[in-house]
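Asker: A predicted structure for the sequence below; I have some questions about it.
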Amino acid sequence: MSLDFDSFVLAASTAELGEEPRAREHADCIEFRMDFAGDPLTALASYTGELPLIVTNRADWEGGEATDENRLDDLARAAEFNSVGAVDIELAALESDAGEEAAAHARDHGTSVIASAHDFEGAPDPDEMRETLERATEHGNIGKLAITAGTPSDVLALLSTTDELASDGNRVATMAMGEVGRHSRAVAPIYGSRIGYAPVDPANATAPGQYDLATLRELVEQLR
Ligand SMILES: O=C1C[C@@](O)(C(=O)O)C[C@@H](O)[C@@H]1O
């Protein structure tokens, strides 16, 4: 099954695939955070849920918990499962041979690649945001940029970049993390962002400033 991000997709993030039934009402897919899960490949092998999966095995140097050298191999193996529609790989990894090989392996199995970049410290200047997101769209079927907004102007710059790239026909996903940027999660889809993330269990948010799943679905539906 492939996720092509032709239109907006709401991903419910979790490290527990058993939570999938709780997400069905509001989500289009599950983001399985392999880096937070105990034995992710075994969990994937026994997944019988209805929603397709995005698999993420976020490196510790990009805000996740994966530290082991098998991180990319595990992602590549995860991409082989029919239930997996997309694999999330950091742009910095995709710019290395190992990352590019994992992406090629995923594509060989009909699985899309999300090329992602995160700034947990702040907001890059607008030129750098555009340049990073552009590079991400070159490496992935969709490019994703998550920044941390310090001011509403940072959010405007992100939305403007989103609009620019999406209007040029690129597939992009953007969000501003943290409280200041929270509203970006609701409005970025209007400017062309194709993925939104919300935790299945609000107690287990996977990034600062996330809305709960039902709220984000409602906001996106009301605003579009
Ligand atoms: O890259 C992203 C986006 C995200 O960081 C967010 O801000 O919602 C949440 C992560 O789980 C996901 O992998």
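Answerer: Okay, I see it. Numbering: from 1, shown residues only.

Asker: Please count neighbours and contacts with C-alpha atoms only from this point.
Answerer: Noted.

Asker: Would you verify that residue 99 is located in a helix?
Answerer: Yes. Remark: residue 99 belongs to a helix, assigned using DSSP: H, G, I helix; E, B strand; the rest coil.

Asker: For this structure, what lies in contact range of the ligand?
Answerer: By C-alpha under 6 Å from any ligand atom, the residues of the chain that approach the ligand are 13, 146, 175, 177, 197, 206, 207.

Asker: want to try TSV for those residues, with secondary structure as columns?
Answerer: Formatted as TSV, the residues of the chain next to the ligand follow (three-state DSSP):
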residue	secondary structure
13	strand
146	strand
175	strand
177	strand
197	strand
206	coil
207	coil
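
Asker: which of the residues in stretch 59-67 are buried?
Answerer: Within stretch 59-67, the residues that count as buried by 16 or more other C-alpha atoms under 10 Å are 59, 64, 65, 66.

Asker: Correction: the previous question concerned stretch 158-168.
Answerer: Using 16+ other C-alpha under 10 Å as the test for burial, stretch 158-168 gives 158, 159, 160, 161, 162, 163, 165, 166.

Asker: for the second one, what are its contacts?
Answerer: Residues touching residue 159, when contacts are defined by C-alpha atoms under 8 Å, 6 or more residues apart in numbering, comprise 174, 184, 188, 191.

Asker: Most neighbours of all those residues, which one?
Answerer: In terms of neighbour count, residue 174 stands highest of the contacts of residue 159 at 28 neighbours, by other C-alpha atoms under 10 Å.

Asker: quick check, that residue in a strand?
Answerer: Yes. Per three-state DSSP, residue 174 lies within a strand segment.

Asker: For residue 104, the count of nearby residues, please.
Answerer: Look at residue 104: counted by other C-alpha under 10 Å, it has 16 neighbours.

Asker: Let me fix that, I meant to ask about residue 221.
Answerer: Residue 221: 11 neighbours (other C-alpha under 10 Å).

Asker: got a pLDDT number for it?
Answerer: On the pLDDT scale, residue 221 is placed at 97.

Asker: same thing with residue 1?
Answerer: So residue 1 comes in at 67 (pLDDT).

Asker: Same check on residue 68?
Answerer: For residue 68, pLDDT reads 82.

Asker: wait, what's in contact with residue 193?
Answerer: Counting by C-alpha under 8 Å, 6+ apart, residue 193 has contacts 8, 162, 166, 171, 172, 173, 174.

Asker: Would you confirm that the third one belongs to a helix?
Answerer: Yes. When the secondary structure is assigned by three-state DSSP, residue 166 falls within a helix.

Asker: Number of residues surrounding the closest residue to it other than its chain neighbours?
Answerer: Excluding its sequence neighbours, the residue lying closest to residue 166 (C-alpha to C-alpha, 6 or more residues apart in numbering) is residue 192, at 5.4 Å. Neighbour count for residue 192, taken as other C-alpha under 10 Å: 24.

Asker: and residue 192, what is it in contact with?
Answerer: 162, 163, 166, 167, 171, 172, 173.

Asker: Can you tell me, leaving aside adjacent residues, what's nearest to the second one?
Answerer: Excluding its sequence neighbours, the residue lying closest to residue 163 (C-alpha to C-alpha, 6+ apart) is residue 191, at 4.8 Å.

Asker: for the one you found, phi and psi?
Answerer: phi -90, psi 10 (degrees, to the nearest 10).

Asker: At which residues are the strands of the protein located?
Answerer: Using DSSP state E, the strands of the chain run over 9-14, 29-33, 53-56, 84-90, 112-118, 142-148, 172-177, 195-199.
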